[in-house]
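Engineer: need a structure here:
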Amino acid sequence: MAEEQEDKSSKSQEATPQKLKKAREQGDVPSSQEVGMMMTVVSLLVLTVFILPAIGPQLAGILKQMLEISGTARIGEGVGGVRDIGSSVTAFAGRISLVLAPVLGVFVVAAIVGVAIQGETVFAVERIRPKFSKLSPAKGFTRIFSGGALVEFLKSVAKVLVVGTLAVWLTYVSITEIWQTENFLPEFLLGYVQGFVQKLLLIVAVFAVVIALIDVIVKRVRWLIRQRMSVKEVRDEHKDQEGDPMIKGKRNQIRRQNSRRRVASAVSEATVVLTNPTHYAVVLKYEPGADSAPVCTAKGVELMAAQIRRLAHESEVPVVENRPLARALYSVAQVDEVIPVEHWQAVAGIIRYILDMRANIETRLPEGSTLRDD
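Structural biologist: Predicted coordinates for the structure are as follows:
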């Protein structure tokens, strides 16, 4: 018992969406039996006030016709025979079904509204799977006399007492009124009984609505408390979702190493590196006769740009400073793809200068470009 209390006190964290989703998948959702009771009473009230007064005369007429036909029944064939009566009963059954359809509709609507009030319902195989541990007499005895079962029992007793008291009080008031009117005709008594039933159902319905709303809120709060998690559980769940920090760090390290190797390889084979000069760096490769246009093989900003410049100097790849062109290419060029056609002319002038320089031909860079040798 002490361990259970300690475990509850350690669950100080609100349940995460993942924990609540898992609980719902297992069929663990807050549900209130009071909602079902409330909708039953409200349905009966709707039937007695609206439906029965409308369909009562129709049912009475159908029953009257059935009694008239049954009184003329005889053994044999033809009109009034057994077969004729059988077909009549079938027809009457169909008519009665149509008349009673609104009654079924009321209960269907009540069921839908009851589910909507509670917010959600799930079907979980886990809930219907047999668990032999529940057959333990000791555990069953514990559940019967647990705090939750005792609360439910006291709540049921309180409801019976309240509803019973209201029924007795309303009966006493109604009988007193009947004696005072001194009208004991069957028609009057039938109407009075109908009014009495409607008043009783109305009072009980109001009481049931209040109880159901309170119970829904209490069940929801208790369910959220039961789903609380300890700090360790939150940490473990985060680890499961995001991965072990050490493994994740190792994975990121490998990814960075692979990225550096790829950039180093791209720079070593590059034709030219365009810079901003410090913020942006774009690596371009062009092989006459093999490439239709210059290809962006790598690009970087800030620290990556500095690394690209360093690798370019180490590999003796020309680094050309052209601020607007470097910034524009960094924004629109995709790695391992040909640069956009609108930049071909500007880049072509730079690459032509690089190729001519390699061939020891006197030429100069296009205006706005500077060859960096630092």
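Engineer: residues in contact with Ala116?
Structural biologist: By Cβ atoms under 8 Å, 6 or more residues apart in numbering, Ala116 lies in contact with nothing. Any C-beta I mention is one placed from the backbone N, CA and C, and that applies to glycine too.
Engineer: let's go with 10 Å and repeat that
Structural biologist: For Ala116, the contact set (Cβ atoms under 10 Å, 6 or more residues apart in numbering) comprises Val35.
Engineer: That one and Leu329: what is the separation?
Structural biologist: 58 Å (Cβ to Cβ, to the nearest Å).
Engineer: same thing with Ala264?
Structural biologist: Counting by Cβ to Cβ, the gap from Ala264 to Leu329 is 20 Å.
Engineer: Of those two, which one has the most company?
Structural biologist: Between Ala264 and Leu329, counting by other Cβ atoms under 10 Å, Leu329 is the more crowded of the two (24 against 17).
Engineer: Dihedrals phi and psi, the more buried one?
Structural biologist: For Leu329, the backbone dihedrals (degrees, to the nearest 10) come out as phi -70, psi -40.
Engineer: That one against Pro294, yeah?
Structural biologist: Yes: judged on Cβ atoms under 10 Å, Leu329 makes contact with Pro294 at a distance of 9.4 Å.
Engineer: Quickly list what's touching both of those two.
Structural biologist: Val282, Leu284, Ile339, His343, Val347.
Engineer: Most neighbours of all those, which one?
Structural biologist: Top of the shared contacts of Leu329 and Pro294 by neighbour count (other Cβ under 10 Å): Val282, with 31 neighbours.
Engineer: contacting residues around it?
Structural biologist: With Cβ under 10 Å, 6+ apart, Val282 has these contacts: 270, 272-276, 294, 296-300, 305, 308, 320, 322, 325-331, 333, 335, 339, 347.
Engineer: Looking at the residues you listed, which are in strands?
Structural biologist: Judged by DSSP state E, the subset of the contacts of Val282 located in strands is Val272, Val273, Leu274, Thr275, Cys296, Thr297, Ala298, Lys299, Gly300, Val320.
Engineer: Just the helices from this protein, written as ranges.
Structural biologist: 2-10, 17-25, 33-46, 52-71, 82-118, 125-128, 137-144, 147-181, 186-226, 231-242, 245-268, 303-314, 323-332, 344-358 (DSSP state H).
Engineer: Kindly state the pLDDT recorded for Val206?
Structural biologist: pLDDT, Val206: 91.
Engineer: The one 10 residues further on now?
Structural biologist: Each residue has a pLDDT score; the one for Val216 is 88.
Engineer: Next: Leu98.
Structural biologist: 85.
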